[in-house]
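Undergrad: Need coordinates for the below:
(one chain, ligands or ions: 1)
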Amino acid sequence: METSTNTVDIQKAATSKIENTDFNNLAFGQVFTDHMMICDYKDGAWQTPKIRPYGPLEMDPSAKVFHYGQAVFEGMKAFKDEKDQIWLFRPEDNFDRINKSSERLAIPAFPKEHFFAGMEELLKLEKDWIKKGFGNSLYIRPFVIATEAGVSAAPAKEYKFMIICSPAQAYYSGEVRVQFSEKYSRAADGGVGFAKAAGNYAAQFYPTNLAKEEGFQQIIWTDASSHDYLEEAGTMNIFFRIGDKLITAPTNDRILDGITRKSIISLAKEFNIDLEVRRVSVKEIVDAAKNGELKEIFGSGTATVVNPIVGFGHGGEKYDLPKLEDSYAGFFKDKLTKIQYNQAEDKFNWRYLVK
Ligand code: COI
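TA: Numbering: from 1, shown residues only. Prediction:
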């Protein structure tokens, strides 16, 4: 049964948690706002999106998401400018990507009208949770889970598309050191690496814990077949600067097509920064670190924006990166955040006003 596509059924929360939230002391993704968006898929169609008070879900223990991991998600942010206007950053790209991820996990595509209507109604309700000022944002987490009961290993016939929101500041609170992976892999050819599939992240936790025991916060994943090429970090795409040349790996079916990554590529072109999108070998980065030509490594992602890496480990050796006054990481973070907070011209049409 096809239901109306441009209405959202809203039930407001009786009380708000906002007064008890310390906005100056937010650990990433720990506090959630008062409402959530839910849209059910059943009888072959997505139903009317609903906004409900934030709270636990009741699900059958045999729901397929618990057994087969049929789950995908997105990461987005809303920003408030000095005039209290709320902006999203390239939300159409998130919409396209969640449906690409869904397709790979045999989840039905979500309609665009529902995505935007549900999200915008939710953001309007939660506008006080979005604080002004660089570094403050509302992290938005759309996700889809297979809710149909039954442990037969086949795609579900019922799903929930949901959006929850969390006020955010920095993703990493301290310095980030990365280890180049020599044994474990994040993704393989023909797999789900390009999708924001929940299981991609679960599979990283164990190797990342091992790396943490050795003093690293993240792993840079290498290609699964040779471990000779650097591909992506756990929560970020990754850039290298050798001399003044910026290098990042091309996307493929193992690498997430990061929205911050492609924004940095566009900005690098705009500002005539020497950029190469090509395979990056472990050897060239280790050699460049040894001969002093490796100036920076930084990660990019919605949650973290642009995150400098202070050092890396490989083959039992640890390498430190120089502290630069004029880093590319700082340059791109400044350019991106000014666009996101409506403080700079938006030449690429990336900003989206929530009306
Ligand atoms: C994001 O940057 O939004 C992500 O989805 C990464 C996440 C694991 C925090």
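
Undergrad: Show me the helices in the stretch 201-350 of the chain, by range?
TA: Ranges of helices in the stretch 201-350 of the chain, per DSSP state H, counting those that start in this stretch, are 259-270, 282-290, 328-340.

Undergrad: Just the buried residues of the second one, please?
TA: In other words, helix 282-290. Neighbour counts over helix 282-290 (16 or more other C-beta atoms under 10 Å) mark 282, 284-286, 288-289 as buried. Every residue, glycine included, has its C-beta placed from N, CA and C.

Undergrad: Just the CA coordinates for stretch 261-278, please, in CSV.
TA: The C-alpha trace of stretch 261-278 is given here as CSV (Å, rounded to 0.1, in the frame of the first residue of the first chain):
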residue,chain,number,x,y,z
ARG,A,261,36.9,13.4,1.1
LYS,A,262,35.4,14.5,-2.2
SER,A,263,34.8,18.0,-0.8
ILE,A,264,38.5,18.2,0.0
ILE,A,265,39.4,17.1,-3.5
SER,A,266,37.2,19.8,-5.0
LEU,A,267,38.7,22.5,-2.7
ALA,A,268,42.3,21.3,-3.6
LYS,A,269,41.4,21.8,-7.3
GLU,A,270,39.9,25.2,-6.6
PHE,A,271,43.0,26.3,-4.7
ASN,A,272,45.4,24.8,-7.2
ILE,A,273,46.9,22.4,-4.6
ASP,A,274,48.9,19.7,-6.3
LEU,A,275,46.7,16.7,-5.9
GLU,A,276,47.0,13.1,-7.0
VAL,A,277,44.2,10.6,-6.7
ARG,A,278,46.0,7.3,-7.0
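
Undergrad: What residues of it count as buried?
TA: 261-265, 267-268, 273, 275.

Undergrad: Return the member of those residues nearest to residue 136.
TA: residue 263 (19.5 Å; C-beta to C-beta).

Undergrad: What residues of the host helix or strand of residue 67 count as buried?
TA: Applying DSSP states H and E as the criterion places residue 67 in helix 64-68. Going by neighbour count (16+ other C-beta under 10 Å), the buried part of helix 64-68 is 64-66, 68.

Undergrad: Just put the residues you listed in TSV and tack on pLDDT and distance to the ligand.
TA: TSV is the format used below for these (pLDDT from 0 to 100; distance: C-beta to the nearest ligand atom, whole Å):
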residue	pLDDT	distance to the ligand
64	98	22
65	98	17
66	98	20
68	98	21
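
Undergrad: any low-confidence regions in the protein?
TA: Along the chain, segments meeting pLDDT under 70 span 1-6.

Undergrad: tell me the contacts of the residue in it that the ligand sits nearest to?
TA: Taking C-beta to the nearest ligand atom, the ligand has its nearest neighbour within the chain at residue 75, 1.9 Å off. Each residue near residue 75 by C-beta atoms under 8 Å, 6 or more residues apart in numbering is listed here: 94, 139-141, 196, 301-303.

Undergrad: Would you agree residue 101 falls within a helix?
TA: Yes: judged by DSSP: H, G, I helix; E, B strand; the rest coil, residue 101 forms part of a helix.

Undergrad: Run a quick neighbour tally on it.
TA: 24 (other C-beta atoms under 10 Å).

Undergrad: Against residue 325, how distant is it?
TA: Distance of residue 101 to residue 325, given as C-beta to C-beta, to the nearest Å: 39 Å.
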